[in-house]
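K.L.:
Only the shape, not the letters, is given here:
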Ligand SMILES: NCc1[nH]cc(CCC(=O)O)c1CC(=O)O
């Protein structure tokens, strides 16, 4: 079949065509080892589901090239623009993103649709210690110990639990962060997503932190062009309904708060044993010394209403002042 890009889907020519069944589907993602391993997992599942060969194509993004603070590039969107463009121009047919890295304050391009939210992995944030260090738990860290993380959400929540720790900006791929940690010269601990360790096959336990996860944590989102019904239908087979319900609540909340990439916002939805959907969320100052909190429930298919309600609740409690006090 041949599908054309809709008018207005960027200033690009409608060039895409896909010969469904027996064809090769090109799947784009970032070039980091984590992104590539995630993409290969999605590719393998698509190949199981249909008689299609999936070719994984690594796309270097501005966020990967830039070594400094992500705020200088306008935030996490720096990981998306090139991949969106590759999809809109037909260079790739599907794209895999960590939903956590998809900004909530800028609309997605009209022509694209997240046809699948893959069943959620572990959402825990874990603290890791240098392999050779005697200290292997947060309680063992001395006052003033140095913790590496790039996420303002983690920084704020660490500040709330252990205001005596120093936190320094640390980014880069997971292996290079672990390498710097184990070199033992800079950090007493770092914080990473457990899902990223598991996906990379890194067998390191760490200490799970009792903090609220990021919106979209542990969820892979598979992006398609709306005008490719065959591909949308295929990718839809990877969609997990419960994950989609949770994501709908979390992302609607994030959008309602209009938080920018550097906003310390935490939000986590889950399906409770009684069948209700719950959403727990917090907004902090940068150091975690002030915060607002909300925790509400809804029927499982009312995720958007729940997210909008929790965002409104947080705003009523003063979230705007907390977010507004932090530069991009
Ligand atoms: N910002 C980086 C990022 N984005 C998504 C993940 C992997 C885990 C997930 O999908 O939540 C990671 C790595 C990390 O935080 O350690």
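P.N.:
Received, thanks. The structure displayed is predicted, hence computed values, not measured ones.
K.L.:
going forward, measure contacts and count neighbours with C-alpha atoms only.
P.N.:
Fine.
K.L.:
can you give me the helices for this protein?
P.N.:
33-49, 62-65, 81-88, 152-161, 174-183, 194-200, 229-236, 241-257, 303-316, 319-324 (DSSP state H).
K.L.:
Quick check: buried residues in the last one?
P.N.:
Think helix 319-324. If you call a residue buried by 16 or more other C-alpha atoms under 10 Å, then helix 319-324 has these buried ones: 319, 322, 323.
K.L.:
again, but for the third one
P.N.:
When neighbours are counted by 16+ other C-alpha under 10 Å, the buried residues of helix 81-88 are found to be 82, 83, 84, 85, 86, 87, 88.
K.L.:
where in the protein is pLDDT low?
P.N.:
1-22, 70-71, 73-76, 260-262, 325-328 (pLDDT under 70).
K.L.:
domains for it, by residue range?
P.N.:
Using automatic domain parsing, the domains assigned to the chain come out as 24-118+218-239, 125-208, 245-324.
K.L.:
Say whether the ligand is contacted by the first one.
P.N.:
The one in question is domain 24-118+218-239. Yes: Domain 24-118+218-239 comes into contact with the ligand (C-alpha under 6 Å from any ligand atom), by way of 98, 100, 101, 218, 219.
K.L.:
now the strands for the stretch 1-150 of the chain?
P.N.:
Counting by DSSP state E, counting those that start in this stretch, the segments of the stretch 1-150 of the chain that form strands are 24-29, 53-58, 94-98, 112-117, 125-128, 146-148.
K.L.:
Which residues does stretch 160-178 contact?
P.N.:
Applying C-alpha atoms under 8 Å, 6 or more residues apart in numbering, the contact partners of stretch 160-178 are 32-34, 67, 142-150, 155, 158-159, 192, 196-197, 287-289.
K.L.:
Let's see that with 7 Å instead.
P.N.:
The contact list for stretch 160-178 (C-alpha atoms under 7 Å, 6 or more residues apart in numbering) reads 32, 143, 144, 145, 146, 147, 148, 149, 150, 155, 288, 289.
K.L.:
For the first one, grab phi and psi.
P.N.:
Just to be clear, that refers to residue 32. Main-chain torsions, residue 32, degrees, to the nearest 10: phi -60, psi 150.
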